[in-house]
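need a structure here:
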Amino acid sequence: MKSSIGLFVLTSLFFISCGQKQKEVAKVETSESTPLVAIKTTEEITADQQTYISELVVDGIDVPWGMTWLPDGSMLVTEREGTLYHVKDGEKTAIKNVPEVFAKNQGGLLDVTLHPKYKDNSWIYITYSIVDEKRSGSHTALIRAKLQDNALVAIEKLYQGSPNVKTAHHFGSRIVFDAEGYVYFTIGDRGKRDVNPQDITKDGGKVYRLHDDGRIPTDNPFVGQKDAKEAIFSYGHRNPQGMAVNPRTGQIWVHEHGPRGGDEINPVTKAVNYGWPVITYGINYSGTTITDETAREGMQQPLYYWVPSIAPSGMAFVTSDVYPELTGHLVVGSLKFQYLELLTLTKDDKVANREKLLDGIGRVRSVRQGPDGYIYVGIDGKGVFKMVKNSSRKNAQTASTNNKETKTETTEKVEATETTPKANTKFDQKAMEASQRRGKIVYTNMCLQCHMANGEGVANTFPPLAKSDWLKDKITESIQSIKYGLKGEITVNGKKYNGVMTPLGLSDKEIADVMNYTSNNWGNRSNQMFTAEQVSKVKQK
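Residues are numbered from 1 along each chain as shown. This is a model prediction of the structure:
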């Protein structure tokens with residue numbers, strides 16, 4: 001019974017939160033005195049158009065945060081835990097001499113891109129959460145370096161955020177160059193929403209602009225102001241994890257990873273305040289209000305926002321002849337709903353429509369258009385894929401189907417002889433506490449938006465996790481649904497919930513950790529400790 005409670009909590013937690021249809025996006029109503037861009041209401045997203053499928057480029061990269069391409073067509077891919085990979089012909093080689101990173105929660109090795117004149121100067125630009133032994137806490141830093149004999153050399157630190165913060169989330173951070181050769185990068189509010197975003201004397205919650213060698217441009221908006229961070233280009237941002245150059249206008253666009261609701265797309269303009277957290281269309285993960293204001297004079301409205309949040313990460317404009325029907329439009333990755341979202345743009349850059357691409361591919365962490373014209377996506381727990389036309393992969397799809405059928409038969413045979421993993425009732429209490437702390441982080445980052453801080457869920461939409469009575473003896477099925485996804489209906493506390501859950505790309509350890517956290521909160525009590533080994537024993541049905 002106690003085993004089933006923990007597994008039920010995980011199942012209900014992920015069952016609906018990652019497969020629910022998106023609600024319509026509301027129009028903005030604001031005063032005439034504020035320079036605004038209207039947000040067009042769009043239709044709900046339903047099914048994937050299935051015009052495209054994904055093709056694996058390289059696997060075995062847990063959190064592929066950023067990617068770029070060398071002149072020979074090979075790739076550089078960052079792994080958030082601190083490894084920079086050189087990928088060629090599907091094989092990856094770890095680059096040496098990468099700076100030590102603060103690899104905790106959302107921190108680590110982040111974005112990577114090449115200088116526009118890389119063939120002439122060989123500069124590679126990288127953002128990461130820096131380890132600073134002289135000061136407690138951490139912040140986001142931008143460096144440039146060169147690649148020689150599979151090692152970074154000539155490393156130069158161009159910028160380091162300050163003051164340090166002891167939190168381990170909202171580092172940003174993306175990098176792009178504009179047509180004039182300026183380098184732009186982002187730093188999130190570092191979890192200090194009421195301190196950093198609106199204060200130009202502190203880093204965090206900003207978009208920054210530098211010369212390619214780290215010098216401050218003299219026409220940056222806050223140059224010469226007392227105590228101001230002169231690298232700031234715009235402020236009032238929450239956590240920009242997507243940034244791209246609009247090919248039509250040359251303007252930098254970012255998207256904001258918002259709170260519960262209120263993810264935003266913002267074309268970035270010099271000196272403009274984008275409002276966080278004074279104005280927002282989102283609320284706290286707990287369901288409480290952040291602010292009553294969605295607009296204020298002197299604060300820019302978003303071009304577009306999502307309610308509910310899709311948890312965006314990665315963004316690219318499509319300019320390639322590979323996808324003529326997508327050219328000129330925008331693609332954005334969704335961590336929460338595990339698809340690539342196509343935003344169709346009008347000639348004046350309004351969002352006219354939304355579609356799903358690559359539905360169920362996994363937690364989309366990074367999105368880039370490669371020099372070959374293909375769209376590449378980095379998927380948590382899987383690696384890097386490229387998007388190809390469905391028709392070009394008919395043979396591969398047939399082979400894949402045959403493989404799945406074979407795999408299913410094999411799995412069924414395994415399960416016929418495999419029993420439900422036994423509960424681990426003897427465990428070290430400190431190990432359990434550490435697992436629950438890790439599990440809380442997973443829950444907060446991925447689940448809290450829908451199931452609330454106290455596990456109460458949302459009436460008629462998301463099932464409660466607290467004191468739930470889900471079937472006690474479907475433990476194997478519960479683990480299968482968490483690991484491999486599930487379509488169907490469940491009944492919780494006498495109420496039916498119907499939705500689609502797609503795999504989240506969680507590791508067995510993460511599943512075990514969040515299981516330990518949820519099974520010991522909100523009236524759920526367990527005297528056992530779930531382990532990655534237990535979770536790993538359950539195979540796909």
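
contacts, neighbours, all on C-alpha from now
Noted.

residue ranges with poor pLDDT in the stretch 301-450 of the chain?
392-423, 444-450 (pLDDT under 70).

let's see it at 50
392-419 (pLDDT under 50).

For it, which segments count as strands?
Applying DSSP state E, counting those that start in this stretch to the stretch 301-450 of the chain gives strands spanning 304-306, 312-317, 330-334, 339-345, 351-357, 364-369, 375-379, 383-389.

Next, format these as TSV and append distance to residue 252.
Listed next are those as TSV, based on distance: least, CA to CA, whole Å:
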stretch	distance to residue 252
strand 304-306	15
strand 312-317	11
strand 330-334	13
strand 339-345	16
strand 351-357	16
strand 364-369	15
strand 375-379	19
strand 383-389	24
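
Which of the ones you listed sits closest to residue 506?
Residue 506 lies closest, by CA to CA, to one member of these: strand 375-379, at 11.1 Å.

So which elements touch the closest one?
If contacts are counted by 3 or more CA pairs under 8 Å, 6 or more residues apart in numbering; DSSP states H and E, strand 375-379 sits against strand 64-69, strand 364-369, strand 383-389.

ok so, going back, now tabulate the strands of the stretch 301-450 of the chain in JSON lines and tack on mean neighbour count.
As requested, these are exported to JSON lines (neighbours: other CA atoms under 10 Å):
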{"stretch": "strand 304-306", "mean neighbour count": "24"}
{"stretch": "strand 312-317", "mean neighbour count": "27"}
{"stretch": "strand 330-334", "mean neighbour count": "26"}
{"stretch": "strand 339-345", "mean neighbour count": "22"}
{"stretch": "strand 351-357", "mean neighbour count": "19"}
{"stretch": "strand 364-369", "mean neighbour count": "27"}
{"stretch": "strand 375-379", "mean neighbour count": "28"}
{"stretch": "strand 383-389", "mean neighbour count": "21"}
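
closest to residue 257 out of those strands?
strand 312-317 (5.6 Å).

Residue 208 is in contact with residue 182, correct?
No - Residue 182 is not in contact with residue 208 according to CA atoms under 8 Å; the separation is 10.0 Å.

Neighbour count for those two, which is higher?
Using other CA atoms under 10 Å, the more surrounded residue of residue 182 and residue 208 is residue 208, with 25 against 18.

How about the contacts made by the more buried one?
Contacts for residue 208 (CA atoms under 8 Å, 6 or more residues apart in numbering) come out as 184, 185, 186, 231, 232, 233, 234.

Of those - the most surrounded one?
Within the contacts of residue 208, most neighbours by other CA under 10 Å means residue 186, with 32 neighbours.

part of a helix, is that one?
No - applying DSSP: H, G, I helix; E, B strand; the rest coil, one finds residue 186 to be strand, outside a helix.

Quick check: the gap between it and residue 171.
As judged by CA to CA, to the nearest Å, residue 186 and residue 171 stand 8 Å apart.

Same check on residue 121?
In this structure, residue 121 and residue 171 are 28 Å apart, going by CA to CA.

Of the two, which one has the most company?
Neighbour tally, residue 121 and residue 171, criterion other CA under 10 Å: the higher count belongs to residue 171, 31 against 11.

quick one, what contacts that one?
Taking CA under 8 Å, 6+ apart as the criterion, residue 171 is in contact with 106, 107, 129, 139, 140, 187, 188, 189, 190, 204, 239.

roughly how far apart are residue 185 and residue 204?
To residue 204, residue 185 is 11 Å away according to CA to CA.

Residue 72 too?
Taking CA to CA, one finds residue 72 at 36 Å from residue 204.

Just want to know which of the two has more residues nearby.
residue 204 (37 against 7).

what pLDDT does the nearest residue to residue 193 once chain neighbours are set aside get?
Spatial nearest neighbour of residue 193, excluding adjacent residues (CA to CA, 6 or more residues apart in numbering): residue 277 at 6.4 Å. Residue 277 is assigned a predicted lDDT (pLDDT) of 97.

Now for residue 277: which residues touch it?
Counting by CA under 8 Å, 6+ apart, residue 277 touches 193, 194, 197, 236, 238, 290, 291.

which element is the second one on?
Secondary structure from DSSP states H and E places residue 194 outside every helix and strand.

What distance do you get for the residue nearest in space to the middle of the chain to residue 169?
Centroid-nearest residue in the chain: residue 313, 4.0 Å away (criterion: CA atoms, centre = their mean). From residue 313 across to residue 169, the span is 14 Å (CA to CA).

same thing with residue 152?
Relative to residue 169, and taking CA to CA, residue 152 is found at 26 Å.

And residue 80, by the same measure?
13 Å.

who has more neighbours, those two?
Neighbours per residue, other CA under 10 Å: of residue 80 and residue 169, the larger number sits with residue 80, 26 against 20.

Contacts only, for that one.
62, 63, 64, 65, 103, 107, 108, 109, 110.

partner residues bridging the third one?
Listed beta-bridge partners, residue 64: residue 79 (assigned using DSSP bridges).

Which pLDDT value goes with it?
Per-residue pLDDT puts residue 64 at 96.

in the stretch 401-541 of the chain, which spans are helices?
Along the stretch 401-541 of the chain, counting by DSSP state H, counting those that start in this stretch, helices occupy 429-446, 448-451, 475-484, 508-518, 532-536.

Which one, of those helices, ends up nearest to residue 283?
When the helices of the stretch 401-541 of the chain are compared by CA to CA, helix 448-451 sits nearest residue 283, at 9.3 Å.

Check the contacts of residue 277 for burial and list the buried ones.
193, 197, 236, 238, 290 (16 or more other CA atoms under 10 Å).

and residue 120, what element?
Residue 120 is located in helix 118-121, with elements delineated by DSSP H and E.

Alpha carbons of that helix, in CSV - could you do that?
Extracted C-alpha coordinates of helix 118-121, given in CSV (Å, rounded to 0.1, in the frame of the first residue of the first chain):
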residue,chain,number,x,y,z
TYR,A,118,35.1,32.3,-36.8
LYS,A,119,37.1,31.4,-39.9
ASP,A,120,39.2,34.5,-39.4
ASN,A,121,39.5,34.6,-35.6
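
Please work out which residues outside it touch it.
Contacts for helix 118-121 (CA under 8 Å, 6+ apart): 71, 115, 124.

Now, these that are in strands?
Cross-referencing the contacts of helix 118-121 against strands under DSSP state E gives residue 124.

Would you mind checking the contacts of helix 118-121 for buried ones?
Among these, those scoring as buried are 115, 124 (criterion: 16+ other CA under 10 Å).

Dump the contacts of helix 118-121 into CSV; add distance to residue 357 and pLDDT as well.
Listed next are the contacts of helix 118-121 as CSV, based on distance: CA to CA, whole Å; pLDDT from 0 to 100:
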residue, distance to residue 357, pLDDT
71, 29, 97
115, 30, 98
124, 31, 98
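
possible to save the contacts of helix 118-121 as a markdown table with distance to residue 468?
As requested, these are exported to a markdown table (distance: CA to CA, whole Å):
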| residue | distance to residue 468 |
| --- | --- |
| 71 | 56 |
| 115 | 54 |
| 124 | 51 |
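
A strand includes residue 277, no?
No - assessed with three-state DSSP, residue 277 is coil; it does not lie in a strand.

what pairs with the nearest residue in space to residue 59 that is not next to it in sequence across the strands?
Nearest residue to residue 59, sequence neighbours excluded (CA to CA, 6+ apart): residue 383, at 4.2 Å. Using DSSP bridges, the beta-bridge partners of residue 383 come out as residue 59, residue 379.
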